[in-house]
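Novice: When you get a sec, could you give me coordinates for this:
(2 chains, ligands or ions: 1)
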Amino acid sequence: MSVLILVEHDGKSVKDATLATVTAATKLGEVHALVAGNNADGVAQSAAKIGGVSKVYVANAPALEHQLAEAVAPLIAKLMESHDAFVAPATTTGKNIAPRVAALLDVMQISDILSVEGPDTFTRPIYAGNAVATVRSKDTKKVITVRTTAFEKAAAEGGLASVETVDWSGDPGTSSFVSLEASESERPELTSAKIIVSGGRAFGSSEQFHSLLDPLADKLGAAVGASRAAVDAGYAPNDYQVGQTGKIVAPEVYIAIGISGAIQHLAGMKDSKTIIAINKDEEAPIFQVADIGLVGDLFKIVPELTKKL
Amino acid sequence: MKVLVAVKRVIDFNVKPRVKMDGSGVDLANVKMSMNPFDEIAVEEAIRLKEKGVATEIVAVSIGPAKAQETLRTALAMGADRAILVQTDEEVEPLAVAKILAKIAEEEQPQMVILGKQAIDDDNNATGQMLAALLGWPQGTFASKIEIADVATVTREVDGGLETVKLNLPAVVTTDLRLNEPRYASLPNIMKAKSKPLVAKSPGDYGVEVARRLETLKVVEPVKRQAGITVGSVDDLVGKLKGLGIAK
Ligand SMILES: Cc1cc2nc3c(=O)[nH]c(=O)nc-3n(C[C@H](O)[C@H](O)[C@H](O)COP(=O)(O)OP(=O)(O)OC[C@H]3O[C@@H](n4cnc5c(N)ncnc54)[C@H](O)[C@@H]3O)c2cc1C
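Specialist: Numbers count the residues shown, from 1 in each chain, chains lettered A, B, ... in the order given. As a prediction, the model looks like this:
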């Protein structure tokens, strides 16, 4: 089987989510990678080094620069004439593009897979991860998105794939990029961090969220996450949200502070290796998934913890 | 302009889903069902567009069992003008839902279709994108802000922050959580909704085959985490963190 994967990149470098996608794709067959962008030859060179990738397609066009689905999906659909499966990471980029490809190919997408059980059989979470379904696809071509935390990362170096340029001028011109308001942070990225400290509604204000959590995160070299309630209240930007509808994370250590543990939050972090919960309510559902719990007032505990580390 | 909104009847978000003993699926017997939360946001956004004078008519569509009528009545009570129920007892996949919606869009000629970004039962996050592909329309997924002039300016919640795109109309938009806070329907509006038009159709009326492309072989509970321990003090917690090798 020949598999086309979507390389997730920002025009400069290959994002980590690509590596887990390659691992999932190698379980299906020979892996080819698509770099869609503008002046993305450098990214294509990096993608060619990923272990397990045998060919890299690079398409450069102004319309592809921001990877708008309207421009990228027809390109992928064209390349799918010579591939059996398309695999993308279940990031916001992958989730935006892959279903559009699936519809163009008249294929039902298999979303957010956790494992590859066979050439047409996969497991995937449903109901916010409260159930895991094994599904078999009857479509001849497959379109798949991958839960990146469920697969090991392929080696970023060592591969020797060939690079082939694809001509593409298929911009439908129905959409255009205006701006990206990127949240700047010196800290590790949430989805690749080894340690995450995550705060909830209990922090009470943006000021307290940052004055308490940032020093703790800095001491631990951790990324900062948040519950939906904390994001809705404006304590943290949207891309900090962990959960069913936010980011799915699985760090070595996840420290949930002042977070109750709603199923939608648990859906995003319950595969963390060690979960630590700090909450003043000993009945809080977060303690049901925590390996280590500390019951008490975060406004006392967090400063003391930061000091003692 | 006319706005189409798609709504799905799903397990209420407050209910903890239970997997059936025989592994055939999630037990929905006697479970509270509600409108998918993201679809409530879609309905609310359409109503706000109407209140601003941008939208002139809101048509709510649901594809599902007879009981999905209740979901449509909720949409009507919130402020939608009329409803279409495409009735089927099959579990219809996003691809088939998108095909039905595409046919309805061809008939109704809306300038915008608003859908939730995902349904909280099958968590596919696919229908809106598929619909946009079938219609050849642009898509603004995971929207946290929509502004409409002669084009739609949509701010999207993406992994790296907030992305803004411009879309020609007609367009498909899928909602994220922070787009708005849906209103509750008032009692008088619930009463009024009962007399708003609701037509029943079938997938066959639109010539769409709803047979599943993905066969569910089994559904199981995820691996349970082992029960943990409670520590009594910050010092004990620091000790544990040292044990994990993340503190010196
Ligand atoms: C469709 C949908 C999707 C959703 N998606 C997500 C998602 O992706 N991610 C997500 O997180 N949520 C999501 N939610 C929301 C979710 O249901 C919860 O509302 C949310 O997670 C609650 O956030 P919280 O735990 O911060 O707040 P609360 O539930 O209010 O919990 C606050 C906790 O802080 C504790 N506390 C209060 N004061 C102190 C103190 N001084 N010291 C210590 N502890 C204290 C309380 O005991 C409580 O347990 C979603 C909801 C819906 C309907």
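Novice: now the strands: where do they sit in chain B?
Specialist: Assigned by DSSP state E, the strands in chain B fall at B:2-6, B:9-11, B:33-35, B:57-64, B:82-87, B:112-116, B:139-148, B:151-158, B:161-168, B:171-175, B:198-201, B:214-220, B:229-231.
Novice: So, low pLDDT: which residues of the stretch 151-300 of chain A?
Specialist: The model of the stretch 151-300 of chain A has no residue with pLDDT under 70.
Novice: how about the residues of it near the ligand?
Specialist: A:200-202, A:227-230, A:241-246, A:258-260, A:262, A:264-265, A:268, A:279-281, A:284, A:297-299 (C-beta under 6 Å from any ligand atom). C-betas here are computed from N, CA, C, even on glycine.
Novice: Near chain B, list only the ones from these.
Specialist: The residues of these that also fall near chain B, by C-beta under 8 Å from any C-beta of the partner chain, are A:Arg228, A:Gln244, A:Thr245, A:Gln264.
Novice: now for those, which pair is the farthest apart?
Specialist: Pairwise distances across these (C-beta to C-beta) peak at 9.1 Å, for the pair A:Arg228 and A:Gln244.
Novice: could I get the strands of chain B as JSON lines with mean neighbour count and distance to A:Val107?
Specialist: As requested, those are arranged in JSON lines below (neighbours: other C-beta atoms under 10 Å in any protein chain shown; distance: least, C-beta to C-beta, whole Å):
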{"stretch": "strand B:2-6", "mean neighbour count": "27", "distance to A:Val107": "21"}
{"stretch": "strand B:9-11", "mean neighbour count": "22", "distance to A:Val107": "24"}
{"stretch": "strand B:33-35", "mean neighbour count": "20", "distance to A:Val107": "28"}
{"stretch": "strand B:57-64", "mean neighbour count": "24", "distance to A:Val107": "19"}
{"stretch": "strand B:82-87", "mean neighbour count": "21", "distance to A:Val107": "22"}
{"stretch": "strand B:112-116", "mean neighbour count": "29", "distance to A:Val107": "20"}
{"stretch": "strand B:139-148", "mean neighbour count": "23", "distance to A:Val107": "18"}
{"stretch": "strand B:151-158", "mean neighbour count": "22", "distance to A:Val107": "24"}
{"stretch": "strand B:161-168", "mean neighbour count": "20", "distance to A:Val107": "25"}
{"stretch": "strand B:171-175", "mean neighbour count": "29", "distance to A:Val107": "19"}
{"stretch": "strand B:198-201", "mean neighbour count": "14", "distance to A:Val107": "25"}
{"stretch": "strand B:214-220", "mean neighbour count": "16", "distance to A:Val107": "10"}
{"stretch": "strand B:229-231", "mean neighbour count": "13", "distance to A:Val107": "47"}
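Novice: follow-up on the earlier one: which neighbours do A:Arg228 and A:Gln244 share?
Specialist: Common neighbours of A:Arg228 and A:Gln244, using C-beta atoms under 8 Å, 6 or more residues apart in numbering or on different chains, are A:Gln264, A:His265.
Novice: among the residues of the stretch 151-300 of chain A next to the ligand, which ones are buried?
Specialist: Buried subset of those (neighbour count, 16 or more other C-beta atoms under 10 Å in any protein chain shown): A:200-202, A:227-230, A:241-246, A:258-260, A:262, A:264-265, A:268, A:279, A:284, A:298.
Novice: Take those and keep only those in helices.
Specialist: Secondary structure assignment (DSSP state H) places A:Arg228, A:Ala229, A:Ala230, A:Gln264, A:His265, A:Gly268, A:Leu298 from those within helices.
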